[in-house]
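A.B. asks: I would like the atomic coordinates for the input below:
(chains A, B, C and D)
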2 protein chains.
Amino acid sequence: MTTPQLTKNQSLVFDVLEKAEGPLSAYTILDKLRDHGFRAPLQVYRALEKLLEYGVVHRLESINSFVACAHPGDDCHSHGIVAFAICESCGQVTEFHDHEVDHRLMSWVRGQKFKPEKTTIEIRGLCEACAA
Amino acid sequence: MTTPQLTKNQSLVFDVLEKAEGPLSAYTILDKLRDHGFRAPLQVYRALEKLLEYGVVHRLESINSFVACAHPGDDCHSHGIVAFAICESCGQVTEFHDHEVDHRLMSWVRGQKFKPEKTTIEIRGLCEACAA
DNA sequence: TTGCAATTGTTATGTTATTACATCAATTGC
DNA sequence: GCAATTGATGTAATAACATAACAATTGCAA
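C.D. replies: Numbers count the residues shown, from 1 in each chain, chains lettered A, B, ... in the order given. I've put the predicted structure just below:
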């Protein structure tokens, strides 16, 4: 999928996520955009919905937060399943991909005749710096 | 880890989850236990916290719900990473394990010197029956 | 210019989870 | 025995996350 021109609100939300050091909750994004006229959660959630659809933002299910995709300009959908390592101390998130993992999961799924729509892989723990 | 004797509230919550057909939210569990004297969310969350710790219940991060472990009596912690296929139509959840997936994820993690604490793998989609 | 679709604004509400504080019961050490 | 500690529970209030419903506006194509 090609990412269409972003609307005003979508751009604002995306910029906040790009500039952030780590994942942000929807309400944190809202607070950062109050100066730009944002008043309600829906303004954020609606923008996020589109950004997720375009694949330029990921949702971290285990911490109810959002991050900009680590592949600027690139289309993340083409990389297969996205996995994340999330540091519970500093909040740093590392995105990675492993084709063998994809392959194993998808082959299990095929065996079950299960039709996958969206797969989540999140490893929470401590990054090298924080574990020291 | 060996599962200790469950307390009254822990037993009540666990029984509800065991008898359920699929995953339940904390508030659904609360409603089912009103007749047994439950009045507040915390009674459920506290019991769940212990049941998760003992490994007899799993939390599904992507749908904010809880299920009894599919290995009755057995200690789930010994199976490595637990993965789930969640049907978005009927709510059915299938638990599975794949050592090769574990191995690939843990070897990536080692390369990063990341120290994993808890790993989530959830595939949402349609089960065979619902996809038909 | 009229009509449609997408975006945005606003209010209210629904859902999920935790904080703070009080009470009670079992156990331990003196 | 009886303080002291620990773990479980009860209760109220609030915080954090997410969506429903409806109105207004904008961009654009027929």
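A.B. asks: span of stretch A:84-99 from start to end?
C.D. replies: By Cα to Cα, to the nearest Å, the extent of stretch A:84-99 from end to end equals 14 Å.
A.B. asks: quick one: the helices in chain A, in order.
C.D. replies: Secondary structure of chain A (DSSP state H): helices at A:8-19, A:26-32, A:41-54, A:99-112, A:128-131.
A.B. asks: how about the lowest-mean-pLDDT helix or strand in chain A, does it reach chain B?
C.D. replies: When the helices and strands of chain A are scored by mean pLDDT, DSSP states H and E, helix A:128-131 comes last with a mean of 92. Yes. Counting by Cβ under 8 Å from any Cβ of the partner chain, chain B has neighbours in helix A:128-131: A:Glu128, A:Ala131. (Glycine included, C-beta is placed from N, CA and C.)
A.B. asks: got a markdown table for the helices of chain A, with mean neighbour count too?
C.D. replies: Formatted as a markdown table, the helices of chain A follow (neighbours: other Cβ atoms under 10 Å in any protein chain shown):
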| stretch | mean neighbour count |
| --- | --- |
| helix A:8-19 | 18 |
| helix A:26-32 | 17 |
| helix A:41-54 | 17 |
| helix A:99-112 | 16 |
| helix A:128-131 | 12 |
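A.B. asks: and the lengthiest strand in chain A, what's buried?
C.D. replies: Ranked by number of residues, the top strand in chain A under DSSP state E is strand A:115-126. Across strand A:115-126, burial judged by 16 or more other Cβ atoms under 10 Å in any protein chain shown covers A:Lys115, A:Pro116, A:Thr119, A:Thr120, A:Ile121, A:Glu122, A:Ile123, A:Arg124, A:Gly125, A:Leu126.
A.B. asks: which one of those is nearest DNA strand C?
C.D. replies: Closest approach to DNA strand C among the buried residues of strand A:115-126 (Cβ to the nearest atom of the strand): A:Arg124, at 13.1 Å.
A.B. asks: bridging across strands, which residues link to the closest one?
C.D. replies: Going by DSSP bridges, A:Arg124 is paired in beta bridges with A:Ile86, B:Lys118.
A.B. asks: model confidence for the spatially most central residue of chain A, exactly?
C.D. replies: By Cα atoms, centre = their mean, the mean C-alpha position of chain A lies nearest to A:His58, the distance being 1.4 Å. Looking at A:His58, its pLDDT reads 97.
A.B. asks: same check on the one 3 residues further on?
C.D. replies: On pLDDT, A:Glu61 comes in at 98.
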